[in-house]
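Trainee: compute the structure for the input listed below.
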Amino acid sequence: MSMETESRTARHELIALLREIDQRWSGPEWNLHSAQDVVGSHRALMHILEAGLVGYFEQNASNPDFRRIVTPSRKLTGDNSDAIYFDAPVSPDHSYVIHGTLEGAAYFSLTIEVGAEDGHMASNTAGVINDNDLEIDSNGHFTLYLGGEPRTTNWLALAPGSSRVTTRHYFEDTSAAAMNPDLEPRMRIECLSATAAPPPPDDASVAAGIRRVCNAVRSRTLGMPPMANSEPPPFLSLTPNTFPVPIPPGDFGLAAFDAHYSMAPFFIDSDQALVITGRWPECRFGNVCLWNRFQQTLDYTRRSVSLNRAQTKLEKDGSFRIVIAHEDPGLPNWLDTEGNPFGLVFWRFFLAQGEVSAPQASVVKLAELGKGQASGD
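Mentor: Numbering: from 1, shown residues only. Take a look at the predicted model:
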């Protein structure tokens, strides 16, 4: 007979959760009706489970460290090929110092997440600072304080409910920054108010870690209702191939205060293409990414599934013309769907100045996209 421990009970809870997710989230209740849909959900679940184990199993707000949220092989919650994200647990009961580097990022920000204790998905943000507001030395190094006594610069308060800190480094390079190890920023967080070493792992702490993983997995699967069954944020259109006007997200959880977002599904047949026209606004950073229905970027290591301003070939008048299609039309600015008839298109613009117009899209026959319609021709 196996010995009963709290950690074994927690492990059984994780197993039961995975079974429930398979029965419900990977099925018709979440509008999954094909074998391909189910396989996609299982792949997404493995990425979410990995993220839960990496980010929540052994982390403590009194002894935190920064860890990458997503990588080219761990995708969830709307990752981005041009960005490197870190996060760490924090608590308003403590104060912290962060040492970091920009590594040449076009934009950097740090947000304080609320409601993310014990692995839960953040409910909203309670503070933000970007590189405009930071004192940064000539080498791109900075020191930032969280909580404790107010400081005149490089400081953020930790309001009640503050439970996680997220950092964003965005790059506008001609290749995907998220897979370039030479661009990995150096980030370190230290708790200033916890003086004692954490106790060694025991039954209670291991059980608590497993339950944090359960919370992380549940909140990113069963805790997220199907897109069509919930009230979307105002930057999200549920109408395929039609983008809303980009707007700041407010204090939406895991969002950046100083961004403009616009998002809509794409839906095209195998013989069709979605042609998108518009202009990049004046901003610090701008890009567009293709996601699958589980908010994972498509494969940017081998395919063209995103474009930033440095990668976009413009028309003579400064506008862009982007083509989403299942195969290469022989034109600039092609975004590869990987053969998926359905997916999501997400636009990000950081520190935008002036009006940010909605990109315009139209579905055309792929055969009508003649070679020679390239930019500038």
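Trainee: now the helix or strand bottoming out on mean pLDDT in the chain: buried residues?
Mentor: For the chain, using mean pLDDT, DSSP states H and E, the weakest element among its helices and strands is strand 124-130, scoring a mean of 92. For strand 124-130, the neighbour count (16 or more other CB atoms under 10 Å) marks T125, A126, G127, V128, I129, N130 as buried. Heads up, the C-betas are built off the backbone N, CA and C, glycines and all.
Trainee: for the residues you listed, which one is nearest S237?
Mentor: Here the nearest of those to S237, counting by CB to CB, is T125; it sits at 22.8 Å.
Trainee: I'd say T153 and E135 touch.
Mentor: Yes - counting by CB atoms under 8 Å, T153 touches E135, with 5.3 Å between them.
Trainee: stretch 310-326: end-to-end distance?
Mentor: End-to-end distance of stretch 310-326 (CA to CA, to the nearest Å): 23 Å.
Trainee: can you list the residues that contact it?
Mentor: Residues outside stretch 310-326 that contact it (CB atoms under 8 Å, 6 or more residues apart in numbering): 172-174, 266, 268, 270, 272-280, 288, 290, 307, 329, 331-337, 339-341, 345, 359, 366, 369, 374-376.
Trainee: which helices and strands does the least confident helix or strand of the chain pack with?
Mentor: In terms of contacts (3 or more CB pairs under 8 Å, 6 or more residues apart in numbering; DSSP states H and E), strand 124-130 is packed against strand 107-114, strand 155-156.
Trainee: 10 Å - rerun?
Mentor: For strand 124-130, the packing partners by 3 or more CB pairs under 10 Å, 6 or more residues apart in numbering; DSSP states H and E come out as strand 107-114, strand 141-146, strand 155-156, strand 162-170.
Trainee: quick one, that strand and strand 141-146 angle?
Mentor: With axes from the mean of the first three to the mean of the last three CA atoms, to 10 degrees defining the directions, strand 124-130 sits at 150 degrees from strand 141-146.
Trainee: out of the helices and strands packed on strand 124-130, which is closest to T301?
Mentor: Judged by CB to CB, the one of these that comes nearest to T301 is strand 162-170, at 18.4 Å.
Trainee: from the chain's centroid, how far away is the closest one?
Mentor: For strand 162-170, the separation from the chain centroid amounts to 11 Å (computed by CA atoms, centre = their mean, to the nearest Å).
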